[in-house]
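Undergrad: Here is a sequence together with a model predicted from it:
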Amino acid sequence: MRALIQSARLDIAESLRARWFLFYSLVFGSIVVLLFVFGLTESRILGFTGLSRLLVTYIQLCVAILPIFVLITTVRSVAGDREAGVFEYMLALPVGLGAWYWGKMIGRFIVVFLPVFLAMAAAAAWGEYSAIGVPWDLFLVYTALLVSLAWAFLGLGMLISTLARSPDVAQTGAFLIWLVLLLFLDLVLLGVMVREQLPLEAVVAIAVANPLQSFRTAAILLFDPQMIVLGPAAYVILDTLGRDLYLVLALAWPVVLGTACAALGYRQFRRGDLP
Amino acid sequence: MITFTDVAKTFRRARVLDGVTLTLDHGDRVALVGSNGAGKTTLIRCLLGEYVHDGRVRIDGRDPRAERTTVLGRVGFVPQIPPPLKMPVGELVSFAAGVCRSDPARMVGVMEELGLDYRAIRRLPFVKLSGGMKQKALIGVALGRDTDLLIMDEPAANLDPEARHIFFRLLGSRVHRGVMLITSHRLDEVAALVNRVIEMDTGKVVLDDRVADDVDMASRMRCRLRLIRPEEAFARTLGEWRFTTPDHGTTWHGLVNGPDRLRFMCMLSRYTGLIGGLEMAEGTEEMADVR
């Protein structure tokens, strides 16, 4: 446990020094500021009803930005360290492979989750301070959704970084996976379904398995669960499972997926050559 | 203490280690020599449990891969190429001391003994240090804790003569503690530090021999050298050995670390035609003029 905490601390300190982290934090901070500036201006015309719409818009932007940020920075860091020879020295120190690997993942999770969460928390704090009303139920669900989304892509990133032998291959792999998941969101699924005449179950299974889809649907369902907003596949799933069960699935599945990918990555890491 | 039994390692189709069988006992100070690609680094990585391989490696009966925290807790390692760590030196020391359950002050103590101003570099990224400073910091981490096995890949390559002397003295104080494994491309670099030489070539052990073990690692030799005429290139080289000249390059004085004597002789052999007189004596007291 001691080594795990030290490994996590090392990764946090390493990330806090990196330029990508500064950029990453600025992106999410700026999104919230911009949403406030433009959202509030707009809402004066439409009539301001609280932070719900701002949070939904923020979370929709997160689904586009967060996964690719997490993937690229994670795979570059691990595969890059291996290629640069950092592993040869650091793993000659008496630190368990499990402590090193999971410590790195936990440290990285804290670093990628906190800026996204803090930006959202700052918006909520401002809403509370300005007495414009904060939808706390939405805030809590979104926090949980961000945790599961970040964990899912972190797990994928760790798996890719252990499989790829160079940072370039890892980065390309990460980008391709993100692109595939993005393409298999509702609209593309609908296109595939119509063109290939796929059975409905297959389309639904693909949609359920895609963490981006489950995150997106869960983010919207508390706010505006109509087919025109959700998309057909998500609407069918929601109709089949019901709101609460879908929410549980949307929160649990990415965590299971991320953990499974990370565990697979760890198995590969433990069994192969380290440097 | 350490046994390699039929250890083999293949990268794709290239067989880098080819059935290495060796036993290293307590008190062995081994020079692992060989040209590039001989398999030295691969053998060390197998010993550190970093590579999966065929055959068996055991340190006191333990598998360094399966029981890495127990085994590596007793191993001090200095790599040939310092890792490009972006973390500050202070963070490296604190992490290493934490996982090794050692006192960071001991590591800092060794670094300072080697001439590194720890306070000045504590907050600097490790990667920004000069080659010599990195080497001193890594030696500090390796020697600043209790170890039975020291593995050093060209450890003194970047050290100045004074730091080399202190480094040899530190090694000398550990002579009877466990095993030292020092790799080098050239035997003259490490000959005086060791009592056994193992040469590798294309993944195999081609020589395993004992060597005379009489050199006191902490000793120094006073040297006086007279040249038949001053020579610029030779003067530069002697300057690197911290030799001084009272008469514009004809006579030179300086100290040579005991373990460096073979390296010094090898250097002199390049300029034999210029040497008019040479005297070397153990100890640092003044000597009579060389005739």
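TA: Structure received. Numbering: from 1, shown residues only, chains lettered A, B, ... in the order given.

Undergrad: all contacts plus neighbour counts: C-alpha atoms, from now on.
TA: Will do.

Undergrad: low-confidence ranges in the stretch 51-200 of chain B?
TA: Per-residue confidence for the stretch 51-200 of chain B (pLDDT under 70) gives these ranges: B:175-176, B:189.

Undergrad: which of the residues in stretch A:148-168 are buried?
TA: Within stretch A:148-168, the residues scored as buried using 16 or more other CA atoms under 10 Å in any protein chain shown are A:148-164, A:166-167.

Undergrad: got it, and stretch A:54-73?
TA: Of all the residues in stretch A:54-73, those buried under the rule 16+ other CA under 10 Å are A:54-60, A:62-63, A:66-73.

Undergrad: can you list the residues of chain B near chain A?
TA: B:45, B:48, B:50-52, B:68-73, B:75, B:77-79, B:83-87, B:95-96, B:98-100 (CA under 8 Å from any CA of the partner chain).

Undergrad: helix, strand or coil for residue A:15?
TA: Assigned by DSSP: H, G, I helix; E, B strand; the rest coil, the conformation of residue A:15 is helix.

Undergrad: who's in contact with it?
TA: A:21, A:108, A:111 (CA atoms under 8 Å, 6 or more residues apart in numbering or on different chains).

Undergrad: interface residues of chain A facing chain B?
TA: Contact residues (CA under 8 Å from any CA) of chain A with chain B: A:2-3, A:6, A:10, A:13-14, A:84-86, A:88-89, A:91-96, A:271-275.

Undergrad: Make a ChimeraX selection of the buried ones in the residues you listed.
TA: In ChimeraX, this line selects whichever of the residues of chain A next to chain B come out buried by 16+ other CA under 10 Å:
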select /A:3,6,10,13,14,85,86,88,89,91,92,93,94,95,96,274,275
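
Undergrad: that older thread, take the contacts of residue A:15 and keep only those in helices.
TA: Under the assignment DSSP state H, those contribute A:21, A:108, A:111 to helices.

Undergrad: Pretty sure residue A:13 is one of the things the second one touches, is it not?
TA: Yep, that's residue A:108 we're talking about. No: in this structure, residue A:108 is not within contact of residue A:13 by CA atoms under 8 Å, at 9.9 Å.

Undergrad: list the helices and strands the host helix or strand of residue B:31 packs on?
TA: If you go by DSSP states H and E, residue B:31 is part of strand B:29-33. Here strand B:29-33 touches strand B:179-184, helix B:187-190, strand B:196-201, going by 3 or more CA pairs under 8 Å, 6 or more residues apart in numbering or on different chains; DSSP states H and E.

Undergrad: Quickly find the element holding residue B:248.
TA: For residue B:248, there is no enclosing helix or strand under DSSP H and E.

Undergrad: could you measure the closest residue in space to residue A:238 that isn't next to it in sequence against residue A:148, distance?
TA: Closest residue to residue A:238 in three dimensions, ignoring its sequence neighbours and counting by CA to CA, 6 or more residues apart in numbering or on different chains: residue A:246, at 6.3 Å. For residue A:246, the distance to residue A:148 equals 14 Å [CA to CA, to the nearest Å].

Undergrad: And residue A:68, by the same measure?
TA: Taken as CA to CA, the span from residue A:68 to residue A:148 is 15 Å.

Undergrad: One more: residue B:251?
TA: Separation of residue B:251 from residue A:148 (CA to CA): 75 Å.

Undergrad: Same check on residue B:121?
TA: Distance from residue B:121 to residue A:148, by CA to CA: 40 Å.

Undergrad: Neighbours of residue B:146, how many?
TA: Residues near residue B:146, counting by other CA atoms under 10 Å in any protein chain shown, number 16.

Undergrad: residue contacts, the closest residue to it other than its chain neighbours?
TA: Spatial nearest neighbour of residue B:146, chain neighbours left out: residue B:74 (6.8 Å); criterion: CA to CA, 6+ apart. Counting by CA under 8 Å, 6+ apart, residue B:74 touches B:146-149.

Undergrad: So of the residues you listed, which two are at opposite extremes in space?
TA: The distance between the two most remote of these (CA to CA) is 9.4 Å, for B:146 and B:149.

Undergrad: so residue B:64, which of the three states?
TA: Applying three-state DSSP: residue B:64 is coil.

Undergrad: residue boundaries of the helices in the stretch 51-200 of chain B?
TA: Taking DSSP state H, counting those that start in this stretch, the helices of the stretch 51-200 of chain B run over residues B:68-72, B:89-100, B:104-113, B:118-121, B:131-143, B:161-172, B:187-190.

Undergrad: Pick the most deeply packed of those helices.
TA: Counting by mean count of other CA atoms under 10 Å in any protein chain shown, helix B:131-143 has the highest mean neighbour count of those, with a mean of 23.

Undergrad: count of residues packed around the closest residue to chain A within the stretch 151-291 of chain B?
TA: Chain A sits closest to residue B:151 of the stretch 151-291 of chain B, with a gap of 10.2 Å, by CA to the nearest CA. Look at residue B:151: counted by other CA under 10 Å, it has 22 neighbours.

Undergrad: so it sits right up against residue B:171, yeah?
TA: No: with contact defined as CA under 8 Å, residue B:151 does not count as touching residue B:171 (11.7 Å).

Undergrad: Cross the contacts of residue B:74 against strands and list the overlap.
TA: Members of these lying in strands (criterion: DSSP state E): residue B:149.

Undergrad: Burial check on residue 130, number of neighbours?
TA: I went with chain A, as the question did not name one. Other residues within reach of residue A:130, judged by other CA under 10 Å, total 10.

Undergrad: The intended chain is chain B.
TA: 11.
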